[in-house]
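Participant: Provided below are the primary sequence and the corresponding predicted coordinates.
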Amino acid sequence: MRRAELVLIVASIGIASSISNVRGGDWLQFRGPNASGLAVGTGVLPTEIGPDRHVLWKTPLPQGHSSPVIAGSRIFLTGVRDGHLLTIGLDRNSGRILWEAQAPHETLETVHRIGSHAQSSPATDGKHVVSFFGSSGLYCYDVDGHELWRHRMGPFKNDFGAGSSPLIVDGSVVLGQDHDTDSFLAAYDKVTGRELWKIERSEFPRNFATPVVWTVAGRKQLVCAATLRVVGYDFDTGRELWTVRGIARFVSATPVVGEDGTLYVAGWAAGGDVGGERFSVASFDDLLPTIDANKNGLFEESELPEGAIKVRFTQVDRDKSGALTREEYEFFRKLFTEGKNLVIAIRPGGAGEVTSTHVVWTNEKQVPFCASPLVFDQRLFTVKDGGILSTLDAKTGKLLKQARLSSSGNFYSSPVAGDGKVYLLNEEGKLSVVSAADKWDVLHTAEFGENVYATPAIVDGRIYLRTSGALYCFSADAK
C-alpha cells in the first residue's frame, strides 16, 4: 500500500483512528446531502455574519476553491501551497489543522485565469476521505490522512482545469469528468479503489457539474447534466437509462432533486440565450476557400476571422494539435446552433428518450451560470451573474420575484439555506442573506474583503464558509 507524504500538524494531541458522530449531522460532499445546499441538523443560524460578526473561529488556509465537507468531529478540504496539492483535515470544534497529505504530480495542468488546482471538493463517509486533483488523480485517505489507495489521472485536455467533485455513495466512489477528450463516468470500490465500471462520454466536452443521485422506484441513478442533454445512468452498471435533450452547450451548475422527487437542471453558456442574441458561425466548407491560406485543409488560429470560434480556439481544438479539422469545427458549430440556456424540471420514471414526456416545465430567463439552483419549501432559487436573484414556483416554474442584489458581480459559490434564510456569496466576497420566501427580502449584507469560490456548509447551527485565505465558522452563540 502506497502512502502520501503525511504531515501531522498536531501530533502531540494524538489523533483517533476513526471519528465518531459527536454531532447531529454531517455534510459529506459538495453542497451537502446530494448537493441540495440545505442545512443539516437543527439550530438557530446567525443572520448578521461577517468577518467580525458571530465568528466562532477562523483558520488561515492555503489557496483553493474546494468547499468544506464535514463528518463527525472533522472537516476536510483541499488546497495548494507552493505547488503542492494538499488534502487537509481540521478539527471541527476549534478549526485547528490536524493533518495535511500531499498528492504527487508530474506537472500541473492549465486552469482558468481565476481557477485553482484544488477546485474539486472532497467527499467523505466518516471513515474514508476522497480527494480529486485533475493534475494528479483520485486519492483515498483514512480520516487521519493515511493514504489507502490512488488512481493516477491527468493532466486532462482542458485549459480550464478539472472542476466536478467525487461522491461516496454506499460502497462506491463515483467520479465524472468531462474534458475536451477522454470524458468518462466511473465507479470505484471505496475500500480497495478497484474500478467497478467505467463508461466513455466522448460526445461531452468540458463540463463542470457534479453528478447527483436520483432514487427512482427504489433504485439509484446517477444524473449527469452536460453538453446538450441530461442523462440518467444505472448506479450499479453505468448503463444509460434515459435522456432529456435541449440544454446548454456546456453545464457548470450541479442539478438538484426537490422534496417531491422532481429533478431540476440549469445550464447557461454564452451565446445560448433562447430568443436572445446567439452565436452565428459560417460552415467549415464556406470558409475554407477564403481563409485556408496554407491550403492544408485545416484552420490555424491565425487564419480564423474574429468571432466565437477564434475566441474559443483551444476548446474547439479538442485534440490540441494546433489546427482545427472539419470534424472539430463542425462539432462546435453544432453546439452553438443547438445549445439552449434553460432551467428544466424533470419528473421521475422515464426510460429512453423522455424530452417530450417528462419535462414538467422550462424557464429561459432565470438561468444561473456556475451557481447551482436551490430548492427550498417548493421554491426554486437561482442567482445569475450580476446578482440577479429569482424565486420560481418549483411545481410550475412561475416567476415569484426577481431583483438585483447589492452584491452584484459573478457567482461561483452556490446558494445554501437553513433556518428560513438563504446565504449567497459573490466572487468578490460580498454576502447577501435573504429570507427564504416567495417575495424574499434582504436581511443582511457583509463584505469579507477577499474572493469566495467555495460553497458554505451548514451543519447543526453552524456555518462553515471558505474565503480565498481562510475558513470561518459562524455560530449564533458567538458575538
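Facilitator: That came through, no problem.

Participant: who are the packing partners of the longest helix along the chain?
Facilitator: Longest helix in the chain by number of residues (criterion: DSSP state H): helix 326-338. Contact here means 3 or more Cβ pairs under 8 Å, 6 or more residues apart in numbering; DSSP states H and E; on that basis helix 326-338 packs against helix 284-291, helix 308-311, helix 313-316. Every C-beta, even on glycine, is put in place using the N, C-alpha and C of the backbone.

Participant: can you dump the C-alpha coordinates of the last one into CSV?
Facilitator: Going back to what we said before, that points to helix 313-316. In CSV, the C-alpha atoms belonging to helix 313-316 read as follows (Å, rounded to 0.1, in the frame of the first residue of the first chain):
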residue,chain,number,x,y,z
PHE,A,313,-9.9,28.1,-30.3
THR,A,314,-8.3,25.9,-27.5
GLN,A,315,-11.8,24.4,-26.8
VAL,A,316,-12.6,23.8,-30.4
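
Participant: quick one on the thing from earlier: deepest of the helices and strands packed on helix 326-338, which one?
Facilitator: helix 313-316 (a mean of 19; mean count of other Cβ atoms under 10 Å).

Participant: which residues are in contact with that helix?
Facilitator: The set of residues external to helix 313-316 that reach it, using Cβ atoms under 8 Å, 6 or more residues apart in numbering, is 159, 180, 205-206, 301, 304, 309, 320, 324, 328-329, 331-332.

Participant: do the same with stretch 329-337
Facilitator: 227-228, 249-250, 271-272, 278-281, 283-284, 299, 308-309, 312, 315-316, 318.

Participant: again, only this time at 6 Å
Facilitator: 249, 279, 281, 284, 316 (Cβ atoms under 6 Å, 6 or more residues apart in numbering).

Participant: what separates the closest residue to E303 other than its chain neighbours from D285, distance-wise?
Facilitator: Distances taken as Cβ to Cβ, 6 or more residues apart in numbering put I291 closest to E303, at 4.8 Å, once the chain neighbours are dropped. When distance is defined by Cβ to Cβ, to the nearest Å, I291 is 12 Å away from D285.

Participant: go on, E106?
Facilitator: 41 Å.

Participant: go on, G41?
Facilitator: 60 Å.

Participant: what do you get for A323?
Facilitator: A323 is 16 Å from D285, by Cβ to Cβ.

Participant: now L425
Facilitator: 47 Å.

Participant: and for V459, the neighbour number?
Facilitator: Applying the criterion other Cβ atoms under 10 Å, we find 23 residues in the vicinity of V459.

Participant: for T78, same thing?
Facilitator: So T78, with other Cβ under 10 Å, has 32 neighbours.

Participant: what about it, which helix or strand?
Facilitator: If you go by DSSP states H and E, T78 is part of strand 74-81.

Participant: what's the model's confidence in that strand, averaged?
Facilitator: On average, the pLDDT along strand 74-81 is 98.

Participant: tell me what that strand is packed against?
Facilitator: Counting contacts by 3 or more Cβ pairs under 6 Å, 6 or more residues apart in numbering; DSSP states H and E, strand 74-81 packs against strand 84-91.

Participant: and after the strand it packs on, which helix or strand comes next?
Facilitator: strand 97-103.

Participant: tell me the angle that following strand makes with strand 74-81.
Facilitator: Put simply, strand 97-103 runs at 50 degrees to strand 74-81, going by axes from the mean of the first three to the mean of the last three Cα atoms, to 10 degrees.

Participant: so which other helices or strands are in contact with strand 97-103?
Facilitator: strand 5-8, strand 84-91.

Participant: comparing those strands by mean pLDDT, which bottoms out?
Facilitator: strand 5-8 (a mean of 40).

Participant: can you list contacts of stretch 234-244?
Facilitator: Taking Cβ under 6 Å, 6+ apart as the rule, stretch 234-244 contacts 197, 199, 220, 222, 229-233, 346, 350-351, 354-355.

Participant: same deal with stretch 440-454?
Facilitator: Residues beyond stretch 440-454 that count as contacts (Cβ under 6 Å, 6+ apart) turn out to be 47-48, 50-51, 65, 67, 391, 406, 412-413, 425, 427, 429-435, 466-469.

Participant: measure that stretch end to end?
Facilitator: 24 Å (Cα to Cα, to the nearest Å).

Participant: next, the buried residues of that stretch.
Facilitator: Buried residues in stretch 440-454, counted by 16 or more other Cβ atoms under 10 Å: 440, 444-446, 448, 451-454.

Participant: same check, this time on stretch 216-233
Facilitator: Buried residues in stretch 216-233 (16+ other Cβ under 10 Å): 216, 221-233.

Participant: of these, closest to E338?
Facilitator: L228 (5.7 Å; Cβ to Cβ).

Participant: how many other residues sit next to the closest residue to the closest one other than its chain neighbours?
Facilitator: Nearest residue to L228, sequence neighbours excluded (Cβ to Cβ, 6+ apart): E338, at 5.7 Å. Neighbourhood size, E338 [other Cβ under 10 Å]: 16.

Participant: quick one, grab the pLDDT at E338.
Facilitator: 97.

Participant: likewise for A248?
Facilitator: pLDDT, A248: 98.

Participant: and if you look at Y472?
Facilitator: 98.

Participant: cool, the one 4 residues further on as well?
Facilitator: On pLDDT, A476 comes in at 96.

Participant: burial count for it?
Facilitator: Using other Cβ under 10 Å: A476 sits among 18 other residues.
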